[in-house]
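>>> Sequence and computational prediction follow.
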Amino acid sequence: MRLLALILAFSLAACTSQPRQQADIVLEQAHSGGSSLAISPDSRVLASGGWSGYLRLWDLENGRNLRSWRAHTDSVNGIYFLPDGNILTAGYDGRIVRWSSRGSELASWNTTAVTASAIDIDRNRFATGHKDGSLIIRQLRSGEEILRFRPHSRQVRSVAFSPDGEVIATSSTDGRVLLTTIASGEMREMQRPSSDPRTLVFSPDGEALYGSGWFMLYRWNPASGELASLKTEHLGIINNIQFTPDGQLASISRQTDSAVLFLDPLSGETTARFQKHDLCGVAVNVSPDGRYLATTSDDASVRIWTLK
């Protein structure tokens, strides 16, 4: 036990000895608790969702609140900016809604509680994972179902489209990570990780699938299903990861940690450190132009960095 304590103390000292970039804007009490984030294609507007169902739009440059409305009656579990300037949201209340940028409801579809989602703008597709383990792929504009099946026996944790749109990846609290070929419905199971991934994301070239769990980044070879586990500086569950425009992985963790880090996707090593949240981290997002980083957390704040 003493040896373990010494190792942990050394790890903590190593993590805290390096400088962390302080947030340029801290929006306190933005939500009762943050649940999701998205940044507009022009990198000017940040959308944040919270536990109480409110959606808020922020000016990324100065943090000014542009607009707020209650989009759902429960947690906002997915936010997406659309090419026409509208916004798509998915909630734990089982609603999928398309909104105007001014907060007017344009269309909606009812389903069961949404626990994960992903969008494929180029092919007009939207996928939702659900509490019962099911997955639904819809036409983005009409809401018409393309495919509905149940790849998992328990709640879907994460959903990700491959860059070519041919495959969809899912993870679940049942511990399985699956790749499903959309055209045929054929499913392949990846090698099981040590904990169920909270997030899945394909590398931009589609040659690797990344996931995140306790302390670790997971990297699969989609062709073979083989898994490599990469140690990171995170001291808890890595709750959310996203590729930055320059090829790093932005990450945020929770439980025993609330660190915000940029990671090398090949080694898992930290390339940049940012101000921690006061409570468990939830979501991280980097603007398409690479200029801004945004995060949210159980501490109810939304934070924005202008990246150096």
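Here it is on my side, so go on.
>>> Helices of this protein, residue ranges please.
For the chain, the helices defined by DSSP state H cover 2-17.
>>> Nearest residue to the middle of it?
Closest to where the C-alpha atoms of the chain average out (Cα atoms, centre = their mean) is N240, at 4.6 Å.
>>> Look up the residues forming beta bridges with it.
Per DSSP bridges, the residues bridged to N240 are I252.
>>> what separates it from E186, distance-wise?
Noted for N240: a distance of 29 Å to E186, by Cβ to Cβ, to the nearest Å. Every C-beta, even on glycine, is put in place using the N, C-alpha and C of the backbone.
>>> Hmm, A259 is touching I252, no?
Yes. Judged on Cβ atoms under 8 Å, A259 makes contact with I252 at a distance of 7.2 Å.
>>> Quick one: end-to-end distance for stretch 19-27.
Length of stretch 19-27, first residue to last, Cα to Cα, to the nearest Å: 22 Å.
>>> Please spell out which residues along it are buried.
For stretch 19-27, burial by neighbour count (16 or more other Cβ atoms under 10 Å) applies to A23, D24, I25, L27.
>>> what sits up against that stretch?
The contact list for stretch 19-27 (Cβ atoms under 8 Å, 6 or more residues apart in numbering) reads 58, 62-63, 272-276, 301-306, 308.
>>> Give me the mean pLDDT for it.
What stretch 19-27 shows for mean pLDDT is 92.
>>> what do you get for stretch 226-239?
Per-residue pLDDT values over stretch 226-239 give a mean of 96.
>>> buried ones in that stretch?
L227, L230, T232, E233, H234, L235, G236, I237, I238, N239.
>>> same question, stretch 277-287
Buried residues in stretch 277-287 (16+ other Cβ under 10 Å): H277, C280, G281, V282, A283, V284, N285, V286, S287.
>>> Which residues are in contact with the second one?
Spelled out, it's C280. C280 is in contact with G236, N239, R254, Q255, S258, S297, D298, D299, counting by Cβ under 8 Å, 6+ apart.
>>> per-residue pLDDT, it?
90.
>>> and it, how far is that from L200?
Remark: distance between C280 and L200 (Cβ to Cβ) = 20 Å.
>>> The third one now?
Using Cβ to Cβ, we find G281 at a distance of 18 Å from L200.
>>> One more: the fourth one?
Using Cβ to Cβ, one gets 16 Å for the distance from V282 to L200.
>>> surely T180 meets E166?
No. Look at T180 against E166 with Cβ under 8 Å: they stay out of range, at 10.0 Å.
>>> Settle it for me: which of those two has more neighbours?
Using other Cβ atoms under 10 Å, the more surrounded residue of T180 and E166 is T180, with 20 against 15.
>>> Now for that one: which residues touch it?
By Cβ under 8 Å, 6+ apart, T180 lies in contact with L135, F149, P151, V167, I168, A169, T170, E186, M187, R188.
>>> low-confidence ranges in the stretch 151-300 of the chain?
Nowhere does the stretch 151-300 of the chain drop to pLDDT under 70.
>>> need the strands for it, in chain order.
In the stretch 151-300 of the chain, the segments counted as strands under DSSP state E, counting those that start in this stretch are 156-161, 167-172, 177-181, 187-189, 200-202, 209-212, 216-220, 227-231, 237-243, 249-254, 260-263, 270-274, 281-286, 292-297.
>>> quick one, which of these is nearest to V45?
Nearest to V45, of all these, is strand 292-297, at 10.4 Å by Cβ to Cβ.
>>> List the neighbouring strands of that closest one plus their orientation.
By DSSP bridges, strand 292-297 pairs with strand 281-286 (antiparallel), strand 302-306 (antiparallel).
>>> can you give me the offset of the last one from its chain's centre?
The offset between the C-alpha centroid of strand 302-306 and the centroid of the whole chain comes to 16 Å, using Cα atoms, centre = their mean, to the nearest Å.
>>> Now that strand: buried residues?
V302, R303, I304, W305.
>>> what's around the residue lying closest to V286 once chain neighbours are set aside, how many residues?
Distances taken as Cβ to Cβ, 6 or more residues apart in numbering place T244 nearest to V286, at 4.6 Å, with adjacent residues excluded. Residues near T244, counting by other Cβ under 10 Å, number 21.
>>> For F202, see how far away S224 is.
Separation of S224 from F202 (Cβ to Cβ) stands at 15 Å.
>>> So these two - more neighbours on which side?
The residue with more neighbours, out of S224 and F202, is F202; 20 against 10, by other Cβ under 10 Å.
>>> Settle this for me: that one is touching L209, isn't it.
Yes. Using Cβ under 8 Å, F202 is in contact with L209, at 5.5 Å.
>>> who touches both of the two?
Counting by Cβ under 8 Å, 6+ apart, the shared contacts of F202 and L209 are A160, A169, P222.
>>> Nearest to F126 among those?
Using Cβ to Cβ, the shared contacts of F202 and L209 come closest to F126 at A160, 12.8 Å.
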